[in-house]
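Chemist: Whatever this is, show me its structure:
(2 chains)
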Amino acid sequence: MKYKVREKPISMPDVFTHKPGTDQQSTHYCPGCGHGNLHKIIGETLDELGVRENTILISPVGCSVFAYYYFDVGNIQAAHGRAPAVATGAKRAQPHSLVISYQGDGDLAAIGGNNIIQAANRGENITVIFVNNAIYGMTGGQMAPTTLPGQHTSTTPRGRSVRNEGPPIRVCELLAALDTPVYLERTAIIDPKTIGKTRRAIKKALQIQKDGLGFSLVEILSACPTGWKLPPPEARRWIEENMLEYFPLGVYRDKTKEERPAEEEYPIEDVAAVLGLDDDTGDVSPDRSGEGEEVHEALKIAGFGGQGILLLGEIIAEAGMISGRQVTWLPSYGPEMRGGTANCQVVLSSGRIGTPLVSRPNVLVAMNRPSFEKFAGDVTDGGAILYDSSLIQDVSAPAAVSEFAIPATQIAADLGNTRVANVVMLGAYMAINRSMGRDAVMKSIAIHIRKKDLLPLNEKALHKGMEAVKSAAVG
Amino acid sequence: MARKLMKGNVAVVMGAVLADCRSFYGYPITPASEITETAANLFPRLGRSFLQAESEVAAINMVYGAASTGVRAMTASSSPGISLKQEGISYAAGSQLPIVVVDVMRGGPGLGNIGPEQSDYFQMTKGGGHGNYRNIVLAPNCAQEMCDFTILAFELADRYRNPAVILTDGFIGQMMEPVDLKPVEIEPVDKKGWAVDGTGDTTDNLICSIFLAPEDLEAHNTVLREKYRRISETEIRFEEYRTEDANVLLIGYGVVSRLLISVVDEARRAGKRYGLLRPISLWPFPTDAIRKYIHQVDSFFVCELSHGQLIEDVRLAVAEEKPVNFYSRSGGVVPSTEEIHRAILDGKEEVLS
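Modeler: Residues are numbered from 1 along each chain as shown, chains lettered A, B, ... in the order given. All right, here's what the predicted structure looks like:
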């Protein structure tokens, strides 16, 4: 009979230098605990696959919180349950690395339940080693999500009641309901035969990651003699006699043969192109006609959602910027965006703008009656109100305010598209103030109107608005 | 250089891209969603990592994982989401990871509403999560600073291996203003020798915040305390506006500082000598800069969109030496400049505490 003598793996250091205290040769695990076997299997497998230098091990919270003592690989210790999320961030930042998320049952299936499901569902190219010992070891023997019905723990002193705590969670079966995982297997650490199977499963899982195929998880039923209050040999028998029935061993998913490594989905662009660093809207041929002049315009633009109120404000702000002004644009945001009323506040200034809030506008653009009624009284003396007289009639502005009735919706309808009523109002506003030039306004429209074939219509609407204002002064 | 009109939230992502942030993980929430949406658009095109996480908790832990490998990583959210991230921020502080977190504050407590508030001041400047730690907290007040401070936050985070926070509000996030974008010289960080990047050079490295022995954890806390002391000495930032001859010093940050600029200008036109001191770094707080005015001004006036958070730091600076008057609104209500004028004249010292 041939024996294979395994040497101590180089993936595990001779001296556990991260481990505090004087004993840096033995592990902190209890006699008979499965973590020791598993660590050795992982260390040997990393050697076999030649991946030690690329490996990043994520240690969880639980007894294996100190897994990093024992592996001569890059180590990250994670918050309770979050190892799959931490692994996701690490792996996506360093796709060449081999990332192992080592987790216990409380960590993975209770507090981190959603994190493991989502990582598995995304098909993160990581390997999860899931140690199921049906109990919380580190905190002293409380119930785990995998604690068996009737099993006594310090928080199920009368035995786990399925009625009260629900039945144990079967993780492999749960994850097998997802399409994405490539490999899911449940093994155990009971005897040489099951240990051999565990070794093969772990090697396969890591190979899958190395080949870039996707998510792999090995669940290992493992003894906790201390937590179960059993001598080590009996603890291993307890797995066989009690756990196997509820947690059947086997392969729950193997798509190794069907999967291919993921390919890059996007052509990579450079920063200047993506941010448009060379495509300048503010400085290329700016219209500086108004430069040097003192200007401070505070506009309130208001109407129904869907009338292009916010867009009108944006076009004015952009045109102001192109004209060399300081500008701010502030929307009413949130639920108001989804129907009902909409308003925005725009400030154009030749100097630094303090408040972007316009409580006392010098120009109100009102596109519906409620807006006129709500804001007309706020307009400052000497200011102006422009309103859509197709929709607002029989109103009067405060005495010291100029009033311009623009039949914007009617004009837009005559042009064949009521949606340009906002641009008609823009033309009217442009004609009565000098804070931005016509070229700047047209350039701004071109930036904000995505459908370029609509530009001629918008230009016409702008012109009609400029015309309309001449005969629109009321009183 | 390019000048573009954009929301403050979009400007954050511009800054992140320019600062060579490689990983963005987020979760939708109003009024911060444009940050995650813009990152979703831009990051994949640059070959960088973007993911909409399953939760705020997952997002901050993905950032933890990415930052552990030495890349620049960030997340962004708004108040309720930030509460969820606090565990991860505490872990990052404990593990000395450079991460950037953007908080576009909204109304609370609880679900509150989506209006602008500043009531996360305590949770960001004083800790928020468990343990002895500090975030470097920067408070922009315009879209340009949303971009520039994001870049600065990455630099400070790397320099000190510490979480850095952009603390802003719904108005600054939603407001559009011109932003000048220019390529950034990335300050060369010494090769992050502490990181775990899946190469043979880093197999001795360990990212962790657990120190089992009390003496070891105390030693670790001492290292952190020393770091916070250095930051306090070197990274204080603030802006003074028309303060040379001021006899009333107004103090506010974020959108409130914009209102206060207008209040100062209007008051000056009426012959009143108001000035503004705007804290830019909320931690470290510009305590000495404020103390300097104790002998110059008759009173201080704090305005904030929270019921008595910023004022605690101002009171610590002023002690009992001059009156510190106070005005606040909350729930998404932002005061008008007229309202603030009246409040200054009323000179109330009331604080809801």
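Chemist: show me what contacts A:Gly351?
Modeler: Each residue near A:Gly351 by CB atoms under 8 Å, 6 or more residues apart in numbering or on different chains is listed here: A:294, A:296, A:326. Just so you know, the C-beta spots here come from the backbone N, C-alpha and C atoms, and that holds for glycine as well.
Chemist: Next one, pLDDT for it please.
Modeler: A:Gly351 carries a pLDDT score of 92 in this model.
Chemist: which SSE is it in?
Modeler: Applying DSSP states H and E as the criterion places A:Gly351 outside every helix and strand.
Chemist: Count the neighbours of the residue nearest to A:Asn417 when sequence neighbours are not counted for me.
Modeler: Spatially, and ignoring its direct neighbours in sequence, A:Asn417 is nearest to A:Leu457 (6.2 Å; CB to CB, 6 or more residues apart in numbering or on different chains). A:Leu457 has 18 neighbours, counted by other CB atoms under 10 Å in any protein chain shown.
Chemist: Can you name the residues that contact A:Leu457?
Modeler: Going by CB under 8 Å, 6+ apart, A:Leu457 touches A:415-417, A:420.
Chemist: returning to that earlier point: can I get the contacts of A:Gly351 in JSON lines including distance to A:Gln118 and neighbour count?
Modeler: Putting these into JSON lines (distance: CB to CB, whole Å; neighbours: other CB atoms under 10 Å in any protein chain shown) gives the following:
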{"residue": "A:Glu294", "distance to A:Gln118": "57", "neighbour count": "8"}
{"residue": "A:His296", "distance to A:Gln118": "51", "neighbour count": "14"}
{"residue": "A:Gln326", "distance to A:Gln118": "45", "neighbour count": "18"}
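Chemist: Residue ranges in the chain under the pLDDT threshold?
Modeler: No chain specified, so I'll use chain A. Regions of chain A meeting the criterion pLDDT under 70 cover residues A:1, A:280-292, A:333-339, A:475.
Chemist: nope, chain B please
Modeler: B:188-191, B:349-353.
Chemist: domain assignment for it?
Modeler: Annotated domains of chain B cover B:2-234, B:240-346 [automatic domain parsing].
Chemist: got the phi/psi numbers for A:Lys257?
Modeler: Phi and psi for A:Lys257, reported as degrees, to the nearest 10, are phi -70, psi -30.
Chemist: Then B:Gln52?
Modeler: phi -80, psi 110.
Chemist: circling back: buried sites along the helix or strand encompassing the residue nearest to A:Asn417?
Modeler: Secondary structure from DSSP H and E places A:Leu457 in helix A:455-470. Residues of helix A:455-470 classed as buried: A:457-462, A:464-466, A:468-469 (neighbour count, 16 or more other CB atoms under 10 Å in any protein chain shown).
Chemist: same thing with stretch A:440-452?
Modeler: Result for stretch A:440-452 [16+ other CB under 10 Å]: buried residues A:440-445, A:447-449.
Chemist: Run through who's touching it.
Modeler: The contact list for stretch A:440-452 (CB under 8 Å, 6+ apart) reads A:281, A:286-287, A:311, A:314-316, A:318-320, A:322-323, A:423, A:426, A:430, A:455, A:458-459, A:462.
Chemist: let's go with 7 Å and repeat that
Modeler: Stretch A:440-452 is contacted from outside by A:281, A:287, A:311, A:314-315, A:318-319, A:322-323, A:426, A:430, A:455, A:458-459, A:462, using CB atoms under 7 Å, 6 or more residues apart in numbering or on different chains.
Chemist: Chain B: which of those residues is nearest?
Modeler: Nearest to chain B, judged by CB to the nearest CB, of the contacts of stretch A:440-452 is A:Glu318 at 4.9 Å.
Chemist: you'd agree the closest one is up against B:Leu5?
Modeler: Yes - applying CB atoms under 7 Å, one finds A:Glu318 in contact with B:Leu5, separated by 4.9 Å.
Chemist: Now the biggest strand by length in chain B - C-alpha only, CSV.
Modeler: Criterion DSSP state E: the longest strand present in chain B is strand B:100-107. Presented in CSV, the C-alpha positions along strand B:100-107 are these (Å, rounded to 0.1, in the frame of the first residue of the first chain):
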residue,chain,number,x,y,z
VAL,B,100,-14.5,58.1,1.5
VAL,B,101,-18.1,58.3,2.5
VAL,B,102,-20.5,61.0,1.2
ASP,B,103,-23.5,61.9,3.3
VAL,B,104,-26.1,64.1,1.6
MET,B,105,-28.1,64.8,4.7
ARG,B,106,-31.9,64.7,4.8
GLY,B,107,-34.5,65.1,7.5
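Chemist: For it, what is the distance to the chain centroid?
Modeler: 8 Å (CA atoms, centre = their mean, to the nearest Å).
Chemist: ok, now stretch A:461-475?
Modeler: Centroid displacement of stretch A:461-475 relative to its chain, using CA atoms, centre = their mean, is 48 Å.
Chemist: Repeat that for stretch B:303-315.
Modeler: 15 Å.
Chemist: can you give me the helices in the stretch 151-300 of chain B?
Modeler: Counting by DSSP state H, counting those that start in this stretch, the stretch 151-300 of chain B has helices at residues B:170-174, B:214-234, B:255-269, B:287-291.
Chemist: got it, and the stretch 1-150 of chain B?
Modeler: B:8-18, B:33-45, B:56-68, B:79-94, B:121-125, B:143-160.
Chemist: quick one, phi/psi of residue 30?
Modeler: In the absence of a named chain, this looks at chain A. The phi/psi pair for A:Cys30 (degrees, to the nearest 10) reads phi -70, psi 160.
Chemist: I was thinking of chain B, sorry if that wasn't clear
Modeler: phi -80, psi 140.
Chemist: ok, it - how many residues close by?
Modeler: By other CB under 10 Å, neighbour count at B:Thr30 equals 18.
Chemist: so who does residue 27 touch?
Modeler: I went with chain A, as the question did not name one. A:Thr27 touches A:36, A:70, counting by CB under 7 Å, 6+ apart.
Chemist: Oops, wrong one, chain B.
Modeler: B:52-53, B:55-56, B:59, B:77, B:81.
Chemist: Pull out the buried residues from the residues you listed.
Modeler: Looking at the contacts of B:Tyr27 with 16+ other CB under 10 Å, the buried ones turn out to be B:53, B:55-56, B:59, B:77, B:81.
Chemist: For the stretch 151-300 of chain B, what lies in contact range of chain A?
Modeler: B:171, B:174-178, B:181, B:183, B:196-200, B:202-203, B:205-210, B:212-213, B:216, B:258-259, B:261-262, B:265 (CB under 7 Å from any CB of the partner chain).
Chemist: close to chain A, is stretch B:31-46?
Modeler: Yes - Stretch B:31-46 lies within reach of chain A by CB under 7 Å from any CB, at B:31, B:42, B:44-46.
Chemist: now those in CSV, with neighbour count?
Modeler: Formatted as CSV, the residues of stretch B:31-46 next to chain A follow (neighbours: other CB atoms under 10 Å in any protein chain shown):
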residue, neighbour count
B:Pro31, 26
B:Leu42, 21
B:Pro44, 17
B:Arg45, 17
B:Leu46, 20
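Chemist: so where does A:Ala120 fall, helix or strand?
Modeler: helix A:113-122.
Chemist: biggest helix in chain A by residues?
Modeler: Among the segments of chain A that qualify as a helix by DSSP state H, the longest is helix A:192-210.
Chemist: So which residues of the stretch 251-353 of chain B form strands?
Modeler: For the stretch 251-353 of chain B, applying DSSP state E, counting those that start in this stretch gives strands covering B:274-279, B:281-283, B:299-304, B:324-328.
Chemist: hang on, the earlier thing: ok, of the buried residues of helix A:455-470, which one's closest to chain B?
Modeler: A:Asn458 (18.1 Å).
Chemist: need the contact list for the closest one.
Modeler: A:420, A:423, A:445, A:449.
Chemist: quick one on the thing from earlier: single out the most deeply packed of the domains of chain B.
Modeler: Of those, the one with the most neighbours on average (mean count of other CB atoms under 10 Å in any protein chain shown) is domain B:2-234, at a mean of 22.
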